[in-house]
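Trainee: Predicted structure and sequence below. I'll ask about it afterward.
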Amino acid sequence: MDAIGFAYLGAGIGAGLVAIGAGLGIGKLAASATEATGRQPEATGEIRTTALIMAALIEGVALFAAATCFLLQGK
């Protein structure tokens, strides 16, 4: 296997790890938000807003990491 093959393999593994990490992060976030809403129903709006912002930040980091993997694949 040559260097380009390893680059493709590394990009695929990296993108897969990014997807797994983002999925685990958002799953943990949703679980915590659901538990917090159950404990304090009066704070549902604030919890939902915070959870959505944090999910967007997690997805943003995952998008940048996946894009970096695919950009490094081409070099």
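Mentor: Happy to help now that I have it.

Trainee: The helix or strand hosting residue 32: which residues count as buried?
Mentor: Using DSSP states H and E, residue 32 sits within helix 3-39. Under the neighbour-count criterion of 16 or more other Cβ atoms under 10 Å, helix 3-39 has 11, 14, 15, 18, 22, 25, 26, 29, 33, 36, 37 buried. Backbone N, C-alpha and C define where each C-beta goes, glycine included.

Trainee: downstream neighbour of that helix in the secondary structure list?
Mentor: Following helix 3-39 in sequence order, the next helix or strand is helix 44-73 (DSSP H and E).

Trainee: Apart from its neighbours in sequence, what residue is nearest the residue sitting nearest the centre point of the chain?
Mentor: Computing the C-alpha centroid of the chain and ranking residues by Cα atoms, centre = their mean puts residue 22 first, at 2.1 Å. Nearest residue to residue 22 in three dimensions, chain neighbours excluded: residue 62, at 3.6 Å (Cβ to Cβ, 6 or more residues apart in numbering).

Trainee: One more: residue 8?
Mentor: Residue 8's closest residue in space is residue 73 (Cβ to Cβ, 6+ apart), at 5.9 Å.

Trainee: same thing with residue 18?
Mentor: Excluding the flanking residues, the one nearest residue 18 by Cβ to Cβ, 6+ apart is residue 65, at 4.4 Å.

Trainee: just for this structure, where's the confidence low?
Mentor: The chain contains residues with pLDDT under 70 at 75.

Trainee: what do you get if the cut-off is 50, keeping everything else the same?
Mentor: Applying pLDDT under 50 to the chain picks out no residues at all.

Trainee: The helix holding residue 32 vs helix 44-73, what angle?
Mentor: Interaxial angle, helix 3-39 versus helix 44-73 (axes from the mean of the first three to the mean of the last three Cα atoms, to 10 degrees): 180 degrees.
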